[in-house]
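Student: Please find the sequence and the predicted model below.
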Amino acid sequence: MNSLWRNACLKVLSRPSREWRTWNCRNFSSSSRLDAPKSLRMEDFPPDVIRNFSIIAHIDHGKSTLADRLLELTGTIKKKEMGRNEQVLDKLKVERERGITVKAQTASMIHEHADKKFLLNLIDTPGHVDFSWEVSRSLAACQGALLLVDASQGVQAQSISVFHIARERGLKIIPVLNKIDLPAAQPELIASQIQSTFGIDPAEILSISAKTGKGVDAVLKAVIERIPPPSKSSPQAPVKAFLFDSLYDRYRGVISLINIQDGILRKGDKIASCHTRKKYEITEIGIMHPEEVPTTSLHPGQVGYIACNMKVSSEAHIGDTLHRVGEPVEPMPGFKPSKAMVFAGVFPIDSSDFPKLEESIKRLTLTDRSVTVQRESSTALGQGCRLGFLGTLHMDVFRQRLEDEYDANIIITAPTVPYKIVYRDGKEVFISNPTEFPDVLGLASKVKEIQEPVVKASIIVPEEYFGDMMDLCFSHRAEDLDHRYLDTGSESSSSRIMLTCTVPLSEVVTDFFDQLKRRSSGFASFDYEDAGYKKSDLAKMVFLLNGKPVDALAIIVHTSAQDKIGRAWVKKLHKVIPRQLFEVPIQAAIGKKVIARETLSAMRADVTAGLYGGHYERKMKHLENQKEGKKRMKRIGTVDLPQEAFFDILKK
Ligand SMILES: Nc1nc2c(ncn2[C@@H]2O[C@H](COP(=O)(O)OP(=O)(O)OP(=O)(O)O)[C@@H](O)[C@H]2O)c(=O)[nH]1
């Protein structure tokens, strides 16, 4: 994988674990926070002086930098010395290692404007397009959003996707051009792009430099003047609180972030969940300032947190409505549950490590609720778990965290997407494991058709790469290709084109990102959204080693590409599997038909056989190497298969 692109994606995709987020929040607060307001009276902030908003942007367009400036300008955190790159300094070691940006936390700012004190709640929208579910979740608590666009890069694929999410939610959008201090900034051109892409009047666009702070005060003013306050409601009404996010604290259990719709919630109140019907007592209530600042109550329109002895994260159901015990309310429409798009089996290298691995996975999913877990057993790899992720980079991050934080020594199988099998009797079954895919004989008799998930993809790219992007789409089975110009270009830059198409998700989860970046010299940005299922010609390909199928290596392929994939795979396996003491045929088969074959010739058992007499050290080195190699092997039937064989499957 192109490491730059991969790091960039990891940076965004890796949602910092809840524990990190909480931890960082404290870390952050201890270094740069002013004291919490001493006499903070939440009743002083009725809805008309509250503004709940979010910052939405494409990766690296300056979301965190602007959040920092807003916090400084409102005196919420201390002003940083100019020229110091605080964001880098503020990062946790673990975050730096992974290239994960410390996200702006949900933060409440108190700001005086036109002789009135306003309570401005900046609500974090975590993650990347893979987590658009979460973006829409956070936006549910907002009435407005700052749409940040880099004045040198212009509108990118995710600028468009987040804009649509915000607009669907009916939010007031304030367009902001950032990084105007850069020599490469082209404010007029990008403003015209914003106008043509979003239909926004250029007169509404604010131009700022989040880095130097230029123009940021106008952003605060616009937040107050342009974003509507939360709807008015009576403090006397029964309490109705919307749960939009949760954090996990080792000592206090689950901390829920809530938005009060009606009524007043106080410490000590007994509350119930509309979703689980469970009851709790509020042990702590407060606002995120950005660290937790306890208060005595939260009032209508306000955003804050509660701790109420919830022990497991799953009790805090995102999108839930909370009410006071004995005063039931109509629940608010919640969210669709997040949907796993990519599945993979995770197995311990040493089968006896399974209980430990399962425990580690359980703990890790406590901090990342979007991962689904199911036990799975494979004849080749033994007991393991089938995990569902929101995307391949999400999967990669999870694997890395299992290895880094839990010292897990694992094999992860090729990612697969959820296929839909439609039977003749009308039954529909989703399968997330290639081993469950019906064989060719079964297909003719019982199965009516097989469908695969497709996505609507949009690619934004400078004109000169348009042809390459078209080729890329065609080679990945794209359909319904369409394109339009976003701008007319300028003397120093060519016009940019937005290309849209529908493409099978299975094509996207393999090497699409890599090729997109490579073929556009890094200039293309890409985004996709779920577009349902489409009938497809698919088959299960199995690989046989020494005549034995390796179930963990099974993949689903499109029949038009089966021969090519089969041949490529046996070649690859031939390269990665070390020679054994006997000849090993490596075959790719669909049903009973072998479509490709390579033969691994036998080797001699004694790696030191050729070394005589005084070559003692070399002999030892060879034996050590052999031992080291063996450790990383997985014995499958009679064949030793190295871990790389599985990792290589992640690449096309
Ligand atoms: N020159 C210049 N650089 C900026 C400005 N705003 C942000 N940056 C830089 O752009 C880079 C990305 O900024 P971030 O604030 O981390 O962007 P982000 O959108 O939060 O990024 P992610 O959290 O990774 O999505 C950093 O190196 C910032 O220092 C600006 O106004 N001018």
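Tutor: Great, that's in hand.

Student: Can you measure across stretch 369-383, start residue to end residue?
Tutor: End-to-end distance of stretch 369-383: 23 Å, with C-alpha to C-alpha, to the nearest Å as the criterion.

Student: now it: mean pLDDT?
Tutor: Stretch 369-383 comes out with an average pLDDT of 84.

Student: Now do the buried residues in that stretch.
Tutor: 369, 370, 371, 372, 376, 378, 380, 381, 382, 383 (16 or more other C-beta atoms under 10 Å). (Each C-beta comes from the backbone N, C-alpha and C, glycine too.)

Student: what about the lengthiest strand in the chain, average pLDDT?
Tutor: Secondary structure of the chain read by DSSP state E shows that its longest strand is strand 447-462. The predicted model gives strand 447-462 an average pLDDT of 91.

Student: what are the ranges of the helices in the stretch 551-652 of the chain?
Tutor: With DSSP state H, counting those that start in this stretch, the ranges of helices along the stretch 551-652 of the chain come out as 562-576, 616-631, 643-648.

Student: Residues contacting the helix or strand containing residue 194, please?
Tutor: Using DSSP states H and E, residue 194 maps to helix 187-198. With contact meaning C-beta atoms under 8 Å, 6 or more residues apart in numbering, helix 187-198 is reached by 147, 149-151, 154-155, 159-160, 163, 173, 175, 177, 180, 200-202, 205, 207, 486-490, 493, 496, 498.

Student: Does that helix reach the ligand?
Tutor: No - residues of helix 187-198 contacting the ligand under C-beta under 6 Å from any ligand atom: none, with a closest distance of 12.0 Å.

Student: Which strands and helices lie in contact with the following helix or strand past that helix?
Tutor: Downstream of helix 187-198, the next assigned helix or strand under DSSP H and E is strand 206-207. On a contact count with 3 or more C-beta pairs under 8 Å, 6 or more residues apart in numbering; DSSP states H and E, strand 206-207 meets strand 172-178, helix 216-226.

Student: is strand 206-207 up against the ligand anywhere?
Tutor: No - for a cut-off given as C-beta under 6 Å from any ligand atom, strand 206-207 has no contacts with the ligand; the smallest distance is 10.2 Å.

Student: what are the pairing partners of that strand, and which direction each?
Tutor: strand 172-178 (parallel) (DSSP bridges).

Student: what sits up against the partner strand?
Tutor: Contact partners of strand 172-178, identified using C-beta under 8 Å, 6+ apart, comprise 57, 61-62, 65-66, 143-151, 163, 166-167, 187, 190-191, 194, 198, 200, 204-210, 219, 222-223, 226-228.

Student: From these, list the buried ones, please.
Tutor: Using 16+ other C-beta under 10 Å, the buried members of the contacts of strand 172-178 are 57, 61-62, 65-66, 143-151, 163, 166, 190-191, 194, 198, 200, 205-210, 219, 222-223, 227.

Student: Could I get the pLDDT score of residue 319?
Tutor: The model reports residue 319 with a pLDDT of 82.

Student: tell me the secondary structure for it?
Tutor: Recorded secondary structure, residue 319: coil (DSSP: H, G, I helix; E, B strand; the rest coil).

Student: Please apply the same query to residue 517.
Tutor: With three-state DSSP as the basis, the three-state label of residue 517 is helix.

Student: ok, now how distant is it from the ligand?
Tutor: To the ligand, residue 517 is 16 Å away according to C-beta to the nearest ligand atom, to the nearest Å.

Student: Likewise for residue 142?
Tutor: Separation of residue 142 from the ligand (C-beta to the nearest ligand atom) stands at 17 Å.

Student: do the same with residue 300
Tutor: The value you get for residue 300 to the ligand, if C-beta to the nearest ligand atom is used, is 31 Å.

Student: Excluding covalently adjacent residues, which one is nearest to that residue?
Tutor: Counting by C-beta to C-beta, 6 or more residues apart in numbering, residue 300 lies nearest to residue 233, which is 4.4 Å off, once chain neighbours are set aside.

Student: That neighbour touches residue 264, doesn't it?
Tutor: No - the criterion here is C-beta atoms under 8 Å, and residue 233 misses it with residue 264 at 10.6 Å.

Student: State the distance from the closest residue to the ligand within the stretch 351-500 of the chain to residue 498.
Tutor: Here the stretch 351-500 of the chain gets closest to the ligand at one residue, residue 393, 13.1 Å apart by C-beta to the nearest ligand atom. Distance check for residue 393 against residue 498: by C-beta to C-beta, to the nearest Å, it reads 23 Å.

Student: now residue 589
Tutor: Counting by C-beta to C-beta, the gap from residue 589 to residue 498 is 42 Å.

Student: go on, residue 386?
Tutor: For residue 386, the distance to residue 498 (C-beta to C-beta) stands at 36 Å.

Student: quick one: which of those two has more around it?
Tutor: The neighbour comparison of residue 386 against residue 498 (other C-beta atoms under 10 Å) goes to residue 386, with 21 against 18.
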